[in-house]
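1. Sequence plus predicted model, see below.
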Amino acid sequence: MWKTIRDAFKIKEIRNGLLFTLFIIVIVRLGSQIPTPGINVALLQEYLNNNLGGQASGLLDSFTGGSFSQMTIFALSVTPYITSSIIIQLLQIAIPALEEMQRDGEDGRKKMTAITRIVSVALAIIESLGLTIGFGREGLLTKYDFLHVLVIVITLTAGSTFVMWLGERITDHGVGNGISIILLVNIVSRVPADMYNLYNMFVKGKNVVDMVFASVIILAVIVLTTILTVLLNDAERHIPVSYAQKVQGRRKVGGRQTFIPLKVNTGNVMPIIFASTLMSLPSIIVNLFKISVTSKIGNNILEGLNSNYWFRPSYNWAYIGLAIYMLLVVFFAYFYTSITFNPMELANNLKKSGGFIPGIRPGKPTEEYLNKVLNYIVVIGVVGLLLVALIPIFFNGRFSADVSFGGTSLIIIVGVIIETVKQIESKMIVRNYEGFLN
């Protein structure tokens with residue numbers, strides 16, 4: 001990877017793209033430090049700590065680079081765009097026109113991008129309005145009236161839209177993957193603070209032996225989780241495909257062999273995000289509508305759904321919430337795979353192009369074989385995904401190692417870095433081909 005980046009800086013076009021990307025990143029981080037006018041940040045942080053704990057709120061703060069807890073002008077960051085992309089992707093199943101548009105080449109993709117932008121702005125308005133009204137009712141605004149609410153909503157919406165526009169500039173003039181790179185930078189910006197917290201909790205003030213032991217354990221957990229994430233991200237099952245040899249005119253065509261790459265972690269990080277969001281909904285509803293939970297059973301249920309209580313020795317009943325979370329991850333892994341990968345369509349395309357899987361007849365048998373393989377690798381992917389996601393939660397519950405840098409963030413970091421390096425390599429290859437042809 002480092003060799004690729006070093007070689008990229010030797011090429012003017014790619015070097016300019018990298019420097020432009022760095023410039024945009026600086027703007028994003030500077031904007032993440034500017035507070036939104038009209039919000040009492042001190043009271044807000046106290047409120048968030050007392051009422052909105054759990055995996056989803058920590059994930060949101062990680063995705064925004066700490067901007068959400070500070071309620072800066074980039075507090076929403078790219079989250080409305082990500083949510084919009086997911087909604088549009090899911091709607092393609094229910095609305096055939098969207099699915100057809102996605103297949104309609106470059107023009108169709110441009111239309112889909114425009115729709116995603118519009119939905120992103122609408123979501124940013126809805127989210128900022130909901131947050132502002134909620135904060136106003138809790139007394140977290142300097143003044144709760146129409147003008148102040150309007151200013152905050154416009155500020156948060158404009159900030160989110162501006163971040164989306166910056167991400168698209170990186171895609172067009174930088175190294176590509178603009179939204180993903182901004183998300184990556186936001187997550188990584190929290191790592192130094194997390195490392196400092198771990199140092200204060202487990203290393204500072206201890207004797208030499210305990211300091212060395214704690215440092216080795218922390219480093220080993222980070223390295224092990226990173227290695228597992230890289231393996232999970234790169235793991236693929238290759239399905240061999242052969243093409244029958246045909247005679248066209250006086251020459252023979254076909255007869256070649258290739259493969260279908262099936263990713264083991266087909267759902268990527270989406271099952272974790274979906275499951276975390278659902279687990280946090282009851283607590284959000286209780287706090288939003290000020291529902292009073294007086295019974296011990298009700299409190300136990302709410303705490304059991306909060307990942308902060310999982311693996312704590314004194315909260316054995318919280319394992320019920322952990323079991324629900326694992327079942328949700330498994331369900332969403334299969335669900336997301338079913339909407340992003342269509343074995344029937346792939347089997348029909350192979351049949352039309354004269355391709356076949358050795359030992360498997362074309363058509364329905366190929367579809368059944370692909371479904372069987374897909375179900376098998378999804379199980380492996382879910383197990384790996386749960387391991388990566390639960391390792392930080394385990395150490396948080398057992399040792400109170402409360403950090404925002406969790407397994408979900410690590411999966412995103414590894415995926416974005418690998419994809420960005422691949423894009424840089426492809427640009428270098430294209431440039432070399434162009435130089436050779438010239």
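-> Received it, and whenever you're ready, just let me know what you need.
2. For the rest of this, base every contact and every neighbour count on C-alpha atoms.
-> Fine.
3. Helix or strand: which one has residue 240?
-> strand 236-243 (DSSP states H and E).
4. What residues of that strand count as buried?
-> 236, 242-243 (16 or more other Cα atoms under 10 Å).
5. Likewise for stretch 29-45?
-> Buried, per 16+ other Cα under 10 Å, within stretch 29-45: 29, 31-33, 35-41, 44-45.
6. any idea how far residue 191 is from residue 410?
-> Residue 191 is 11 Å from residue 410, where distance means Cα to Cα, to the nearest Å.
7. okay, now residue 267: neighbour count?
-> 24 (other Cα atoms under 10 Å).
8. ditto for residue 303
-> By other Cα under 10 Å, 20 other residues sit near residue 303.
9. Go ahead and confirm it touches residue 309.
-> Yes: if you go by Cα atoms under 8 Å, residue 303 and residue 309 touch, sitting 6.5 Å apart.
10. hey, what's in contact with both of those two?
-> Jointly contacting residue 303 and residue 309 under the rule Cα atoms under 8 Å, 6 or more residues apart in numbering are residue 318.
11. quick one: strands adjacent to the strand holding residue 240?
-> Applying DSSP bridges, strand 236-243 is found paired with strand 257-263 (antiparallel), strand 355-356 (antiparallel).
12. most packed of those strands?
-> strand 355-356 (a mean of 22; mean count of other Cα atoms under 10 Å).
13. next helix or strand past that strand?
-> As assigned by DSSP H and E, the chain's next helix or strand after strand 355-356 is helix 364-399.
14. and the buried residues of strand 236-243 as TSV, adding pLDDT?
-> Converted to TSV, the buried residues of strand 236-243 look like this (pLDDT from 0 to 100):
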residue	pLDDT
236	88
242	86
243	79
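15. Please say which of residue 191 and residue 410 ends up with more neighbours.
-> With neighbours defined as other Cα under 10 Å, residue 191 and residue 410 compare such that residue 410 has more, 22 against 17.
16. Distance of that one relative to residue 62?
-> Residue 410 sits 11 Å away from residue 62, going by Cα to Cα.
17. just residue 19 next, same as before
-> In terms of Cα to Cα, residue 19 sits 25 Å off from residue 62.
18. So between these two, which is more surrounded?
-> Taking other Cα under 10 Å, residue 19 and residue 62 do not tie; residue 62 has more neighbours (27 against 14).
19. Quick check: mean pLDDT of the strand or helix carrying residue 322?
-> Per DSSP H and E, residue 322 falls inside helix 319-340. Average pLDDT, helix 319-340: 88.
20. elements contacting the next helix or strand after it?
-> With elements assigned by DSSP H and E, the helix or strand that comes after helix 319-340 is helix 343-352. Judged by 3 or more Cα pairs under 8 Å, 6 or more residues apart in numbering; DSSP states H and E, the packing partners of helix 343-352 are helix 364-399.
21. which helices and strands does the helix it packs on pack with?
-> On a contact count with 3+ Cα pairs under 8 Å, 6+ apart, helix 364-399 meets helix 208-234, helix 319-340, helix 343-352, helix 407-437.
22. Tell me where the stretch 1-150 of the chain has helices.
-> Assigned helices in the stretch 1-150 of the chain, in chain order: 2-8, 12-31, 41-51, 55-63, 67-70, 79-94, 96-102, 105-137, 146-173 (criterion: DSSP state H, counting those that start in this stretch).
23. quick one: low-confidence parts of this structure?
-> Scanning the chain for pLDDT under 70 picks out 1-5, 49-59, 245-255, 287-294, 402-407, 430-438.
24. Could you rerun that using 50?
-> 54, 436-437 (pLDDT under 50).
25. Distance check, residue 171 against residue 23.
-> For residue 171, the distance to residue 23 equals 13 Å [Cα to Cα].
26. ok, those two, which is more surrounded?
-> Under the criterion of other Cα under 10 Å, the comparison of residue 171 against residue 23 puts residue 171 first, with 18 against 13.
27. In stretch 200-207, which residues are buried?
-> Of the residues in stretch 200-207, those buried (16+ other Cα under 10 Å) are 201-203.
28. For the residue lying closest to residue 346 once chain neighbours are set aside, give me its contacts.
-> Of all residues not flanking residue 346 in the chain, residue 367 sits nearest, at 7.7 Å (Cα to Cα, 6 or more residues apart in numbering). With contacts defined as Cα under 8 Å, 6+ apart, the neighbours of residue 367 are 343-344, 346-347.
29. Could you rerun that using 6 Å?
-> By Cα atoms under 6 Å, 6 or more residues apart in numbering, the residues touching residue 367 are 343-344, 347.
30. likewise residue 377?
-> With Cα under 6 Å, 6+ apart, residue 377 has these contacts: residue 264.
31. what comes up buried for the helix holding residue 322?
-> So for helix 319-340, counting by 16+ other Cα under 10 Å, buried means 319, 321-322, 325-326, 328-330, 332-334, 336-338.
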